[in-house]
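Trainee: Here is my input; please provide its structure:
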Amino acid sequence: MKKTVLCVSAALTFFIFLTEPLHSQIPTPNAGLTTVGVIPVPVWTPAGATSASFDLFSFNPLTRILYQADWRNHGALVIDTVTNTLQGIIKPPACTQTTCPSGVLVIPDLQKLVLTSRQTTLWIYDLRDPSAAPVTMTGLPAGQDELDYDPIHQRIYVANTTAPFFEIGVDLVGPTANTVVAMIALPGAPEQPRYNPVDGFIYQTVPSTGVVVIDPDAAGTGAIVKTIPASDCGPQGNDIDPVTNIALLACTGGTTLKGAEVMSLADGKVLAFWPNTQVTDVLYFNRNNRRWYTGSGLSTYNGGNCPSTNTGTVFPVLGVYAAQPVGSADNPIFVGAQCSGRSGRIAGVDPIGNNVYVPTAQYPADPSSNATGQTGILVFNDAAPAQPTPARSQAILGTNGTVTFTQQGRAMNVFASLQGLADAATRLVVTSTAGNEVVSCNESSGKAVCTGTLVGDPMIGGLVLLGNNAKTLSRGKIASAPALLVTGMSFDKPKVAAGGSETATISGSNLTAQTYFDIRYRTPGSAAENVALNWQTGVSAGHALPAASAVGTWTITGVRAHEDQADHTGTYVPVSATMTIVPRNPFAF
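Mentor: Next comes the predicted model:
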C-alpha cells in the first residue's frame, strides 16, 4: 500500500511538472475578426514620453459616439463609430495628473458623461449642451477610477484605487443630485464594477478578495450583501451576460490563475477557465452578438499565432469569448484571439456596428523594435451573427402588467399598461442589444402607461425591470410572442343603407375574441387617411351605421391589432376593404 501511494504521488508530481510547460504551448485559435484600421490620435507615439497611454471606453448608443480616457491629451477622446474618426477631445478643467482622466461613463437615459480623475475629483457633463461647463465634484476619496450606472436609482457607483477603498454612490437626479449618498467600505483595491440587471446589484471586482456584491437598496443607498471568493483568479476586468447571468472575469492578479474564467453569478461557481488571454485590464460584453472582448495587449501567453513585442515575452491579443444560444445549458466558449497591438490592455465595443476598439502604442507588434507601425485606436469588426429578433416579444411583470415589444420597420416600439404602483416616478429598464435602455412612464394614482422606442432590440432571455419610487418593484424575462398577423378584412354586405348595420371580419393569425383593432380609412371622395382607435374587438363584429353617415364608398386601407386597449404603438397592416353606403329608403320599416 505504501509503495502504491508513492508511485501515484510520483506520477502525479510528474504530471503536474509536465503540464506546466505544455500548458503554455496550447495553440490559440484565430478569432476571425476583420481589421478595419487604426484611428490616429494627436500626440500619441509608439514610444518615449508621448507613447500612447489611456484608460476606459464608454459608448453612447443614441449618438454612436465612443469616448475613451486619454492620459496623454488629458481628456476624453470623442470617436464617431460610424465613420471611425476622431471628432474631438473633451478636456476637463485641472485634469493634469499623469492618469487623468481615468474612468469614463456615458449615462444614456440622461445623456450625461462622467469622467473621473484618479484623484479626488469627478466631472459630470451634459451631452445635450456641449457648451455648458461640467458639474465638478471635489473632495472625494482619493483615486476616483472605474464606475458604473444603476438606472433604477439613477445613481453612479464609483470605486477609488487609493486606500482606504470605497464604493461611493452619487445621485444624478432629484434633490440629492450631484452629491455623495453612499460610501461603502471595500475589502481591498477595486477594479471594474458592473451593474447587473438580473438582480439590480453592482458586481465589483476586488483582486485580493473576489467579487463584492452591492445591493443599492440595502442600508438605504447601498451596502455589501455578498462576497464571491476568487482570490486565486484575482479578478480585474468583468462583464455580465444578462441572459445567462454569467460573468467573464479577467484573472490578472490572482494567486494561481492567469487568463480568463466564466462564473455563474447565481451561485459563484466557476464554469470554465482559459489561459490564452492574460494580463487583461478591461473587457466588455457585446449584447448584440453575445460575445465578450478582452483587452489583452500585455498578455504573456504565446498562442503561436501573433508576434511578440520587442521584449520577446509579450504577445498582444484581443480575446473573444462567446455565450451560448438562448436556451442552451452549455457553458460559454473561447472563440479565439485576434492579433492586437502593444499595450492594448483595454477593449471597447460598439454593439450596433459590432466593432471592437483597442488603443495601442504600436500595431502590429514588432519583435525587433518598439518604434515601428501605427499608433492609435485599432478597430476590428466581428461578423458573428446577432441574436434573432422576433417581430413581437413580451415580458410579464408579475401582477403589475405586461410589457410588449413590437417591431415596426427598423423601429422597436415598447408599450406597457401597469397597475399596483406607488404614486411615484416610474420607469422600465430593458436589457436590449444596445445596453440597459430606459423607457419612461406616465404614472398617476397607482397606474402607468409606458411607451417608447428602443435603440437596440430586446434581448430574448433578458430582463425588463420595473422601477417605481426608486426601487425595483418587479421584473420579467423577455420571451418571443406570437405576432398578431392581419392578412385581410371583409364586410358581409357590399352595400348597406345609412342607419343600417354591417359585420366586419378580420382574417389573420393569433387573433382572438379579445384582440383590439384600430383601422385606417378614407371617406367617400377623399384621399385623406383617418384612423379609428379600438374600432372593433374580436375578429368579427357588427357595426351600426349612423343615419347621417356620408353616402358613397368607404375604404379601409389598414388594420392594426393589439392586445391592450391603450396600446396604439404598432404599425398598420395594409388592407383593402370597401363598403358602400347608400341613402336610406324613407319608406322602409
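Trainee: In contact with the residue nearest in space to the middle of the chain, which residues?
Mentor: The centre of the chain sits closest to residue 435, judged by CA atoms, centre = their mean, with a distance of 1.9 Å. Residues near residue 435 by CB atoms under 8 Å, 6 or more residues apart in numbering: 59, 61, 108, 287, 351, 455, 456. All C-beta atoms are positioned from the backbone trio N, CA, C, and that covers glycine.
Trainee: Go through those and name the one nearest residue 331.
Mentor: residue 287 (18.5 Å; CB to CB).
Trainee: and residue 179, how many residues sit next to it?
Mentor: 11 (other CB atoms under 10 Å).
Trainee: Quickly list what it is bridged to.
Mentor: Beta bridges link residue 179 to residue 171, judged by DSSP bridges.
Trainee: Low-confidence ranges, this structure, go.
Mentor: 1-25, 586-589 (pLDDT under 70).
Trainee: got the domain boundaries for it?
Mentor: According to automatic domain parsing, the chain comprises the domains 392-480, 485-582.
Trainee: Deepest-packed of those domains, please.
Mentor: Compared across the domains of the chain, domain 392-480 shows the largest average neighbour count, a mean of 20 (mean count of other CB atoms under 10 Å).
Trainee: Residue 317 and residue 214, how far apart?
Mentor: 32 Å (CB to CB, to the nearest Å).
Trainee: now swap in residue 94 and tell me
Mentor: 30 Å.
Trainee: So between these two, which is more surrounded?
Mentor: residue 214 (24 against 14).
Trainee: got a list of what the more buried one touches?
Mentor: Per CB under 8 Å, 6+ apart, neighbours of residue 214: 157, 167, 184, 201, 202, 203, 204, 222, 223, 224, 225.
Trainee: between those residues, which is nearest residue 474?
Mentor: residue 201 (16.2 Å).
Trainee: Provide the partner residues of the closest one in its beta bridges.
Mentor: Beta-bridge pairing of residue 201 under DSSP bridges involves residue 196.
Trainee: State the distance from it to residue 226.
Mentor: 8 Å.
Trainee: now the strands for the stretch 151-300 of the chain?
Mentor: 155-160, 166-171, 179-185, 193-196, 201-206, 210-215, 223-229, 235-241, 246-251, 259-264, 270-274, 283-286, 291-296 (DSSP state E, counting those that start in this stretch).
Trainee: what helices or strands is the last one leaning on?
Mentor: Contact partners of strand 291-296 among helices and strands, from 3 or more CB pairs under 8 Å, 6 or more residues apart in numbering; DSSP states H and E: strand 235-241, strand 246-251, strand 283-286, strand 317-322.
Trainee: do that again at 7 Å, thanks
Mentor: Contacts defined by 3 or more CB pairs under 7 Å, 6 or more residues apart in numbering; DSSP states H and E place strand 291-296 against strand 283-286, strand 317-322.
Trainee: Also the fifth one?
Mentor: Secondary structure elements in contact with strand 201-206, counted by 3+ CB pairs under 7 Å, 6+ apart, are strand 193-196, strand 210-215, strand 235-241.
Trainee: List of residues touching it?
Mentor: Under the criterion CB atoms under 7 Å, 6 or more residues apart in numbering, residues 148, 150, 157, 159, 167, 186-196, 211-216, 235-236, 238, 240, 247, 249, 265 lie in contact with strand 201-206.
Trainee: Put together a markdown table for the contacts of residue 214, with distance to residue 560 and neighbour count on each row.
Mentor: Below are the contacts of residue 214 laid out as a markdown table (distance: CB to CB, whole Å; neighbours: other CB atoms under 10 Å):
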| residue | distance to residue 560 | neighbour count |
| --- | --- | --- |
| 157 | 42 | 25 |
| 167 | 47 | 25 |
| 184 | 49 | 21 |
| 201 | 40 | 23 |
| 202 | 41 | 26 |
| 203 | 42 | 25 |
| 204 | 46 | 28 |
| 222 | 44 | 24 |
| 223 | 48 | 15 |
| 224 | 49 | 19 |
| 225 | 46 | 14 |
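Trainee: Out of the residues you listed, which is nearest to residue 283?
Mentor: Taking CB to CB as the measure, residue 203 is the one of those closest to residue 283, at 13.2 Å.
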